[in-house]
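Undergrad: sequence first, then the predicted structure, then my questions.
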Amino acid sequence: MEVAHLYTKQRREFGKHCNFTAVPAAVLETIPVTDTDQENYIVRNPSVTCFDTAPHMSEHEANTDRLITKNSSMRHVEGGWPKDVDFTEQSDVSRFRKKAEKDEEYKGAVKMLGPVIARCMKQNNTIDIYEEYFDSDEVDHSSEPPSAKGLAVFRDPNDVKRTATSINWHPDPSAPAKIAVSYSILNFQDSRFMNTRMPHQSYLWDILNPNTPDVELLPPSPLCCLRFNPKNTDSLVGGSYNGLITFYDLRRAGGGSSKETVPYSTSVIEKSHHDPVYDVYWINSKTGNQCVSVSTDGQMLWWDTRRLSEPTDSLMLSTDVKAGGQILGGSSLEYNSEAGPSKYLVGTEQGVVLMVNLKNRKQNNGITVFDQGPGKHHGPIYSIQRNPANSKCFLTIGDWTARIWMEELRTPIMTTKYHSSYLTSGCWSPTRAGVFFVTRMDGAVDIWDYFYRQNEVAYSHKVGDSMLSSIAVQGTLQSGGRLVAVGDITGTVSLLEVCESLAVSQSNERKAIDLMFEREMKQEKNLEARERELRRQRTQEQEARSREAQDKKDAKDEKMERLLRKVDADFLAMIKEAEDDESKASESTPLEHAIAEEK
């Protein structure tokens with residue numbers, strides 16, 4: 001029941017009409033100075049008095065209901081074709097065009113529209129309205145101190161706050177900037193699972209509208225990773241907590257409202273991963289429908305989104321297939337077609353980096369194992385990414401450090417100092433070859449600029465008190481690099497804008513970074529060669545010592561053998577001498593008896 005009262009006031013209660021006229025200044029009252037008044041007052045110096053004839057006003061504020069606006073639009077890709085003509089088939093299009101060009105009405109329409117189009121083109125070519133006046137001027141931003149500012153905050157609409165496990169920017173730079181955020185709780189047997197049903201939704205956000213999500217995805221299980229298709233930006237693929245792979249087509253929304261999108265196809269749980277899918281990537285293919293996923297169950301599976309009933313290929317992440325090596329669980333994945341259409345980088349939860357090359361499956365299934373000793377991380381590798389400017393170089397984030405590797409070496413060429421807090425994710429800057437971002441467990445983002453210095457963080461920005469979980473930077477090598485999306489464990493995604501000095505590449509930066517990586521790689525190779533030489537020398541010395549010891553032992557044995565032979569010879573000689581004496585004694589005894597008898 002709404003209670004309302006209408007206040008009314010009659011005209012006579014307003015009083016007379018105001019009549020404003022311009023009159024000269026006049027003295028209304030004058031108080032003459034007398035001696036009596038001066039005795040009663042003391043002169044104050046200085047004397048400040050304020051006179052204000054304006055009436056006092058008060059200001060009040062009131063909270064009103066928020067006006068929710070919604071933008072509705074239609075994306076026009078290609079149209080104007082008859083229903084029986086498939087514009088994706090070149091043969092149908094050419095057949096229809098030949099038929100239309102023979103029509104007399106078509107020829108007349110072209111002749112009539114020709115002068116109009118020519119006039120419009122001349123008008124458009126009169127002046128370039130998109131001309132960049134200062135495009136040729138290069139601005140040096142290197143002297144600008146690094147900084148960042150917050151632009152927007154995207155909060156999880158659900159009551160149960162979940163972790164923003166992954167963030168992926170819309171791949172088309174010309175389209176409105178959107179981010180795909182997957183939400184899930186990765187803690188095993190979390191207390192929130194016991195009290196309420198865990199929400200499964202993940203969202204697509206428009207950065208210009210942080211209040212409500214642009215699209216709501218409804219997977220069968222919470223998503224751990226989500227990624228746009230670079231060839232067809234209306235399709236996405238996600239990896240779920242229960243191991244399923246789900247494919248979404250935004251043009252075919254199947255939920256209860258226009259914003260809800262159910263999976264267009266889903267993999268079969270018996271032939272999917274047995275652990276959460278921690279990363280998924282679209283791979284280079286003719287149709288643009290193939291993707292690859294990794295999980296901590298030790299499997300790497302390839303999929304075709306047109307038929308998700310079973311994977312097209314599979315691979316066990318083993319250190320040694322023939323000798324029954326250790327099976328490693330994949331926690332992060334990197335794929336870049338510029339490095340090779342059949343090359344993959346996998347970060348494992350054991351801290352070891354694996355490189356998979358499908359063209360070399362004869363040797364250990366194409367798996368190359370990087371350093372398993374001092375060079376590996378002390379915990380899971382949460383992020384792994386190739387450098388956009390140098391595809392042979394890649395970055396790994398794990399434990400308290402970020403490490404830079406080269407494909408040709410099995411040990412890292414550069415390692416950051418140990419941070420004060422545990423690192424949770426990281427990525428390269430898409431525009432600057434020497435800048436990368438890392439997120440920490442204490443809610444801060446560290447920005448390293450190797451073009452400026454390698455021993456200290458260039459800039460550290462405190463995002464919040466919650467632990468950060470994911471990060472992504474918008475842009476390509478040609479443009480962008482300023483917008484950074486950072487997610488935390490409460491489901492809040494913060495949009496930051498970094499300064500020009502952290503986003504705009506200098507003229508000689510890429511060459512300098514390549515030379516630095518090349519120098520570090522040569523140094524690491526020299527150290528490895530020196531280590532191999534020292535190892536070979538130690539082996540030779542050990543062999544020489546063992547051979548010398550063996551020779552000494554043989555000489556000692558030979559001396560002992562000579563001594564034993566001498567003792568044996570002396571013993572035999574003594575025995576022989578004793579036997580000779582006995583034989584002589586036995587021969588002389590009868591002769592002595594005969595001589596005694598003759599006497």
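TA: Thanks, I have it. Predicted model only: the values in this text are computed from it and were never measured. Numbering: from 1, shown residues only.
Undergrad: just to be sure, Trp205 is in a strand?
TA: Yes: remark: Trp205 belongs to a strand, assigned using DSSP: H, G, I helix; E, B strand; the rest coil.
Undergrad: surely it and Val493 touch.
TA: Yes: using CB atoms under 8 Å, Trp205 is in contact with Val493, at 7.2 Å. Just so you know, the C-beta spots here come from the backbone N, C-alpha and C atoms, and that holds for glycine as well.
Undergrad: quick one: the helices in the stretch 1-150 of the chain?
TA: Using DSSP state H, counting those that start in this stretch, the helices found in the stretch 1-150 of the chain span residues 35-40, 90-101, 104-126.
Undergrad: could you dump those helices into JSON lines and include distance to Met198?
TA: Below are the helices of the stretch 1-150 of the chain laid out as JSON lines (distance: least, CB to CB, whole Å):
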{"stretch": "helix 35-40", "distance to Met198": "85"}
{"stretch": "helix 90-101", "distance to Met198": "48"}
{"stretch": "helix 104-126", "distance to Met198": "56"}
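Undergrad: and the residue nearest to Glu338 when sequence neighbours are not counted, what helix or strand is that in?
TA: Nearest residue to Glu338, sequence neighbours excluded (CB to CB, 6 or more residues apart in numbering): Ser391, at 4.7 Å. Taking DSSP states H and E as the definition, one finds Ser391 inside no helix or strand.
Undergrad: distance of Ser391 from Gly375?
TA: Noted for Ser391: a distance of 21 Å to Gly375, by CB to CB, to the nearest Å.
Undergrad: give me every residue that touches Tyr183.
TA: Contact analysis of Tyr183 by CB atoms under 8 Å, 6 or more residues apart in numbering lists 156, 158, 162-165, 199, 201-203, 222-223, 491.
Undergrad: what is the burial count for the residue lying closest to Leu308 once chain neighbours are set aside?
TA: In space, and not counting its chain neighbours, Leu308 is closest to Ser267: 4.3 Å by CB to CB, 6+ apart. By other CB atoms under 10 Å, the residues close to Ser267 number 26.
Undergrad: same deal with the one 5 residues further on?
TA: Ser272 sits with 24 neighbouring residues when counted by other CB under 10 Å.
Undergrad: and it, how far is that from Ser314?
TA: For Ser272 relative to Ser314 (CB to CB), the value is 11 Å.
Undergrad: between these two, which contacts overlap?
TA: With CB under 8 Å, 6+ apart, Ser272 and Ser314 have common neighbours Leu301.
Undergrad: output the below-cut-off pLDDT ranges for the stretch 1-150 of the chain.
TA: Along the stretch 1-150 of the chain, the parts satisfying pLDDT under 70 run over 1-7, 71-79, 135-138, 140-141.
Undergrad: so how far is stretch 304-323 off the chain centroid?
TA: In terms of CA atoms, centre = their mean, to the nearest Å, the centre of stretch 304-323 is found 23 Å from the chain centre.
Undergrad: show me what contacts Arg403?
TA: By CB under 8 Å, 6+ apart, Arg403 lies in contact with 375, 377, 395-396, 412, 414-416.
Undergrad: that one bridge partners, please.
TA: According to DSSP bridges, the partner residues bridging Arg403 are Thr396, Thr415.
Undergrad: and it, how far from Val277?
TA: Using CB to CB, one gets 25 Å for the distance from Arg403 to Val277.
Undergrad: next: Glu528.
TA: 36 Å.
Undergrad: neighbour count winner among those two?
TA: More neighbours surround Val277 than the other of Glu528 and Val277, with 31 against 13 (other CB under 10 Å).
Undergrad: need the pLDDT of that one.
TA: Val277 carries a pLDDT value of 93.
Undergrad: circling back to that earlier point, who has more neighbours, Ser391 and Gly375?
TA: The neighbour count for Ser391 versus Gly375, taken as other CB under 10 Å, is higher for Gly375 (19 against 15).
Undergrad: and the more buried one, what does it touch?
TA: Contacts of Gly375 (CB under 8 Å, 6+ apart): 403, 410-412.
Undergrad: how about Tyr130?
TA: Counted by CB under 8 Å, 6+ apart, Tyr130 has zero contacts.
Undergrad: list of residues touching stretch 473-486?
TA: By CB under 8 Å, 6+ apart, stretch 473-486 touches 148, 151, 167, 169, 173, 177, 179, 207, 388-389, 427-432, 437, 439, 445, 463, 468, 470-472, 493-498, 500, 502-504.
Undergrad: no wait, stretch 225-240
TA: Contacts for stretch 225-240 (CB under 8 Å, 6+ apart): 165-166, 168-172, 175, 180-182, 202, 217, 219-224, 245-251, 273, 276-282, 288, 291, 293, 295, 303, 305.
Undergrad: at 6 Å what do you get?
TA: 166, 168, 171-172, 180, 182, 202, 219, 221, 223-224, 246-251, 277, 279-280, 282, 288, 291, 293 (CB atoms under 6 Å, 6 or more residues apart in numbering).
Undergrad: now, those that are in strands?
TA: Residues of the contacts of stretch 225-240 located in strands (DSSP state E): 166, 168, 180, 182, 202, 223-224, 246-249, 277, 279-280, 282, 291, 293.
Undergrad: quickly list what Asn209 is bridged to.
TA: Beta-bridge partners of Asn209, as defined by DSSP bridges: Asp206.
Undergrad: okay, now it: neighbour count?
TA: Applying other CB under 10 Å, we find 16 residues neighbouring Asn209.
Undergrad: now do the same contact list for the residue nearest the centre of the chain.
TA: Using CA atoms, centre = their mean, the residue of the chain that lies closest to the mean C-alpha position is Cys427, 4.3 Å off. By CB under 6 Å, 6+ apart, the contact list for Cys427 reads 385, 437, 471, 473.
Undergrad: how about the strands in the stretch 401-550 of the chain?
TA: 401-406, 414-415, 423-428, 435-440, 444-449, 459-462, 468-475, 480-488, 493-498 (DSSP state E, counting those that start in this stretch).
Undergrad: would you reformat those strands as TSV and include distance to Val353 and mean pLDDT?
TA: TSV is the format used below for the strands of the stretch 401-550 of the chain (distance: least, CB to CB, whole Å; pLDDT from 0 to 100):
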stretch	distance to Val353	mean pLDDT
strand 401-406	7	92
strand 414-415	13	90
strand 423-428	14	93
strand 435-440	16	93
strand 444-449	19	92
strand 459-462	26	92
strand 468-475	20	92
strand 480-488	24	90
strand 493-498	28	92
